[in-house]
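In: make a model of this:
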Amino acid sequence: MKNKGIIVTGGELKASNIIVGENSTINSSSNENRKPIELSPEKLAQFNQWKVELANGKLEEVIASMLEYYKMQDDKATLNAIIMHSSSITQLEMQENLNVISHEQAKIDRAKITKSVLQLIDNEGG
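Out: Got it, this is the predicted structure:
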C-alpha cells in the first residue's frame, strides 16, 4: 500500500514527530518519472535534525549548518539557494529592527523562509 499523505487526529503535527526511516527511499509525487533518492543513514539523520531544529524556531542555526554542510558537498546549486535564504533572513531582521515592517509581517515573512528551507530539505531527499 502506498502512503498518500499524513493524517493527524487528536494531536499536533511537529517536525519532532516526523522521522524518516532508515533505508527509506523518497519519491516525489510531482515528478513520477524521477528515480527515488536513496539516502545514507547519516544524511537522514542530518535532514531530520534540521527539521527538528526548524520546529523549535532555530531557522538561523539551520541555515548556518546547511551552509557548512553544502560547502563540503560541493553542491553549488543548493549552496546558492541556502545563501539566498540566509540573505533573506538577514534583510528581514534588519527591516524588523528598523521598524520598516511590523512584527506580524516579520512573522509571516519568517514563516515563508522557513517553508522554503523545508522544501529545500525535502527536495534534497529529506
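In: for the helix or strand harbouring residue 80, name the packing helices and strands.
Out: Assigned by DSSP states H and E, residue 80 belongs to helix 76-97. Under the contact definition 3 or more C-beta pairs under 8 Å, 6 or more residues apart in numbering; DSSP states H and E, helix 76-97 sits against helix 59-73, helix 103-123. Every C-beta, even on glycine, is put in place using the N, C-alpha and C of the backbone.
In: can you give me the buried ones in the first one?
Out: Okay, so that is helix 59-73. 59, 62-63, 65-66, 69-70 (16 or more other C-beta atoms under 10 Å).
In: quick check: closest non-adjacent residue to residue 96.
Out: Take residue 96 and drop its neighbours on the chain: the residue closest to it by C-beta to C-beta, 6 or more residues apart in numbering is residue 106, 4.3 Å away.
In: and that neighbour, how far is that from residue 49?
Out: Going from residue 106 to residue 49 by C-beta to C-beta, to the nearest Å gives 26 Å.
In: what about residue 86, how many neighbours?
Out: 18 (other C-beta atoms under 10 Å).
In: the helix holding residue 80 to helix 59-73, inter-axis angle?
Out: Here the directions of helix 76-97 and helix 59-73 differ by 160 degrees (axes from the mean of the first three to the mean of the last three C-alpha atoms, to 10 degrees).
In: what residues does helix 76-97 touch?
Out: Helix 76-97 is contacted from outside by 59-60, 63-64, 66-67, 70-71, 73, 101, 103, 106, 109-110, 113, 116-117, 120, 124, using C-beta atoms under 8 Å, 6 or more residues apart in numbering.
In: list the contacts of residue 120.
Out: Contacts of residue 120 (C-beta under 8 Å, 6+ apart): 66, 78, 81-82, 85.
In: try it again with 6 Å
Out: Contact analysis of residue 120 by C-beta atoms under 6 Å, 6 or more residues apart in numbering lists residue 81.
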